[in-house]
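Novice: here are the coordinates; sequence isn't available:
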């Protein structure tokens with residue numbers, strides 16, 4: 001293991017925990033469902049990053065890899081995407097359906113991972129790949145392709161649509177830029193992070209974890225700035 005490699009996932013965990021706390025604080029004040037979904041997603045990201053720290057420093061165990069795989073590789077993206085949908089779609093029936101889907105994918109992920117087998121030799125790596133740990137083509141190994149990938153597309157599409165609606169409005173420039181930064185941060189994590197994890201490049205993966213969540217956090221802070229001029233209530237407000 002490269003010396004100090006665990007610092008990056010530890011930094012990602014710290015940023016995600018602070019990020020989650022700030023969104024939770026907004027939820028307690030405003031009680032908006034998308035804020036609850038994002039709070040849970042960011043808490044998952046923090047826990048998954050801590051699992052990476054544990055695996056890199058103390059050695060991977062089946063339970064630590066389950067936490068990392070479930071919360072980091074599979075579930076945090078659909079909860080982020082679900083939050084985006086809850087923000088944009090105000091129909092109570094559609095919001096209820098969104099929560100039902102999130103509950104289903106969570107239960108399905110837990111069920112698959114509980115029945116998964118582990119390759120002990122693969123867990124000896126600094127950053128084991130899912131295909132090595134669970135086996136190529138297994139249900140557990142395919143969870144990110146089945147759940148995370150379409151969720152990522154929903155998340156980015158929603159963020160870009162929000163940014164499109166905010167374009168050309170100087171008083172909402174901070175919200176416009178912040179929305180794009182959130183989409184960029186998610187792309188760093190889902191794109192670069194997944195690529196480096198697939199190829200077992202632990203150092204690059206760790207850096208992508210920290211960089212992605214930092215960019216998302218910067219976007220969140222940017223969207224929360226006071227508008228430069230009074231503006232009509234917009235559904236993309238976080």
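Specialist: Cool, got the structure. This is a predicted model, so every value here is computed, not measured. Numbering: from 1, shown residues only.
Novice: any stretches of this structure with poor pLDDT?
Specialist: 1-4, 224-238 (pLDDT under 70).
Novice: now the helices for the protein?
Specialist: With DSSP state H as the criterion, the chain has helices at 7-30, 33-58, 62-67, 76-88, 92-114, 130-134, 143, 149-166, 173-187, 194-198, 202-223.
Novice: just list what the fifth one packs against, helices and strands only.
Specialist: Right, helix 92-114. Under the contact criterion of 3 or more CB pairs under 8 Å, 6 or more residues apart in numbering; DSSP states H and E, the helices and strands touching helix 92-114 comprise helix 33-58, helix 76-88, helix 143. C-beta here means a position set from N, CA and C on the backbone, and glycine is covered the same way.
Novice: just those: most buried one?
Specialist: Burial among those, expressed as mean neighbours by mean count of other CB atoms under 10 Å, is greatest for helix 76-88, which shows a mean of 25.
Novice: tell me which of the helices of the chain sits nearest to residue 122.
Specialist: In this view, the helices of the chain are compared for proximity to residue 122 by CB to CB, and helix 130-134 is the closest at 3.8 Å.
Novice: distance between the helix or strand just after that closest one and the chain's centre?
Specialist: Note on helix 130-134: by DSSP states H and E, the next helix or strand toward the C-terminus is helix 143. For helix 143, the separation from the chain centroid amounts to 15 Å (computed by CA atoms, centre = their mean, to the nearest Å).
Novice: contacts made by helix 143 with the rest, please.
Specialist: 69, 73-74, 109, 112-113, 130 (CB atoms under 8 Å, 6 or more residues apart in numbering).
Novice: make a markdown table out of the residues you listed and add distance to residue 191 and neighbour count.
Specialist: Listed next are the contacts of helix 143 as a markdown table, based on distance: CB to CB, whole Å; neighbours: other CB atoms under 10 Å:
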| residue | distance to residue 191 | neighbour count |
| --- | --- | --- |
| 69 | 18 | 25 |
| 73 | 13 | 23 |
| 74 | 16 | 28 |
| 109 | 21 | 22 |
| 112 | 24 | 20 |
| 113 | 24 | 20 |
| 130 | 17 | 24 |
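Novice: could you check how far residue 127 is from residue 214?
Specialist: 20 Å (CB to CB, to the nearest Å).
Novice: ok, these two, which is more surrounded?
Specialist: Set side by side, residue 127 and residue 214 show more neighbours around residue 127, with 23 against 18, by other CB atoms under 10 Å.
Novice: is it true that that one touches residue 198?
Specialist: No: contact between residue 127 and residue 198 fails when scored by CB atoms under 8 Å: they sit 10.0 Å apart.
Novice: tell me who's in contact with residue 209.
Specialist: With contact taken as CB under 8 Å, 6+ apart, residue 209 is in contact with 8-9, 12, 49, 52, 189, 193.
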